[in-house]
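Colleague: Compute the structure for the input listed below.
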Amino acid sequence: MAEAARPSKRPRDERLDIFRGLTMLIIFVAHVPANSWNAWIPARFGFSSGAELFVFCSGFASALAFGATFVRRGWWLGTARILQRLWQVYWAHIGLVVALVALAALLDTLVGSAELGRQFAPLMADPERALLGLVTLTWQPDYLDILPMYLVILALIPLAIALRRLHPWLPFLMVALLYALVWTEGLNLPGNPWNGAGWFLNPFAWQAIFFIGFFIAMKWLPVPPLRRPALLLAAGLIVVAAVPLSFWGILEIWPAAQSWRDILLPGDFEKSNLHPLRILHFLALAYIVLSAIEPVRDRLDSGLGHLLILIGRQSLAAFLASIVLARLAWTASETAGHDAVVVALLNLAGFAALLGVACVVAWFKRAPWAGPPPAPREAPEMPAASTSRLREAS
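Modeller: I've put the predicted structure just below:
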């Protein structure tokens, strides 16, 4: 009876894992400075980038991971679960920064690369203010602003759940209001104690794409049916129109395209404040991709798709590893003079290392030591003829 009363576990959406795995590879490539492969990631062909995919998938996954707790156990225990996750992610961010500082110091010692001053100049020039900014999240070193953004957005989930209980439309109003305040009042958090700049990835803007994924997974927001010709045509027009306004190969030889892009997406804040065209482009691209893979959805967990799923299921560990590996690849690439073959090998090695990290973390999560010990093997019985020969020999 107890087993029958226990709620069934929600089946895992392999599309989510495969996209998160793909995002981890893109993040690795994008975080290696002077990486020639960076010129061919999806962001070079449209307004949106891997960041939108990462945040959207995080919102979708957060609904799957925490939404059921709010539904089954109530708001207080759901909020406690969120607080536990905030604690984990906060210390993951602090540990990541400390690890990168130590890595830079080690590289400076071993190869004299001056990485510490290049990557963490504020820490070297003003350590007291930098350390205080680090622990209060009011200073985020370059390329290390994703987890702080995720922390702030994650903290908004209990508020969204509480508003939902008051009225179904209030969570949507919260998201729209915060996003509007970003663009009308400059709403942001302090992100640089030396010049007063805000966070590069403004969490009050990026929460919009996060909660789109969250609301869809919670079934608060209906999604259009896939593979509808009219919707595919509209989405295709948006994606195709973005290519000449985004691809460097076209922008370099067609100045008018660059001028149009500068008008549509002003360069100063279009990513920081998540320009509406970035959201529109991401949703159009997502509709096309999801429609394309729908016929083979039951075969995603095979071949390359299986490897991406393995990485996607350990997204936090893979993300942390990708940042560290990217710094190592950067140093190795500079030492080799950014040779194309070396860069290719470094990228492939980084992908393999992320897969290895995901497999190791998955093994630890299974806690194989907690199960019953394997049954001892019984010695095979020897044939009677062999036994008699042994007796004769003795």
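Colleague: any low-confidence regions in the chain?
Modeller: 1-11, 377-394 (pLDDT under 70).
Colleague: And the strands in it, which stretches?
Modeller: Using DSSP state E, the chain contains no strands.
Colleague: Quick one: distance of stretch 195-205 to the chain centre.
Modeller: 19 Å (CA atoms, centre = their mean, to the nearest Å).
Colleague: Buried residues, that stretch. List them.
Modeller: Judged by neighbour count using 16 or more other CB atoms under 10 Å, the buried positions of stretch 195-205 are 198-205. (Glycine included, C-beta is placed from N, CA and C.)
Colleague: possible to save the residues you listed as a markdown table with distance to Trp91?
Modeller: A markdown table is the format used below for the buried residues of stretch 195-205 (distance: CB to CB, whole Å):
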| residue | distance to Trp91 |
| --- | --- |
| Gly198 | 24 |
| Trp199 | 19 |
| Phe200 | 22 |
| Leu201 | 20 |
| Asn202 | 23 |
| Pro203 | 19 |
| Phe204 | 24 |
| Ala205 | 26 |
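Colleague: Now for the residues you listed: which two are most distant?
Modeller: Phe200 and Phe204 (13.0 Å; CB to CB).
Colleague: so who does Leu231 touch?
Modeller: 224, 287 (CB atoms under 8 Å, 6 or more residues apart in numbering).
Colleague: Check the gap between it and Ile293 for me.
Modeller: 16 Å (CB to CB, to the nearest Å).
Colleague: now swap in Ala375 and tell me
Modeller: For Ala375, the distance to Ile293 - CB to CB - is 43 Å.
Colleague: more crowded one of the two?
Modeller: Ile293 (16 against 6; other CB atoms under 10 Å).
Colleague: I'd like to know how many residues surround the residue nearest to Ala63 when sequence neighbours are not counted.
Modeller: Spatial nearest neighbour of Ala63, chain neighbours left out: Ala217 (3.4 Å); criterion: CB to CB, 6 or more residues apart in numbering. Per other CB under 10 Å, the neighbour tally for Ala217 reads 20.
Colleague: circling back to that earlier point, list just the nearest of the buried residues of stretch 195-205 to Glu270.
Modeller: Ala205 (10.4 Å).
Colleague: check contacts around the closest one.
Modeller: Ala205 sits in contact with 178-179, 182-183, 272-274, where contact means CB under 8 Å, 6+ apart.
Colleague: Most neighbours among the residues you listed, please name it.
Modeller: Leu274 (26 neighbours).
Colleague: which non-adjacent residue is nearest it?
Modeller: Per CB to CB, 6+ apart, closest to Leu274 is Ala205, 4.2 Å.
Colleague: any idea how far that neighbour is from Leu280?
Modeller: For Ala205, the distance to Leu280 - CB to CB - is 14 Å.
Colleague: again with Gly78
Modeller: 32 Å.
Colleague: How many neighbouring residues does the closest residue in space to Arg297 that isn't next to it in sequence have?
Modeller: Excluding its sequence neighbours, the residue lying closest to Arg297 (CB to CB, 6+ apart) is Arg15, at 7.0 Å. Per other CB under 10 Å, the neighbour tally for Arg15 reads 19.
Colleague: mind starting the numbering at 19 from now?
Modeller: With 19 as the first residue, the last one maps to Arg33.
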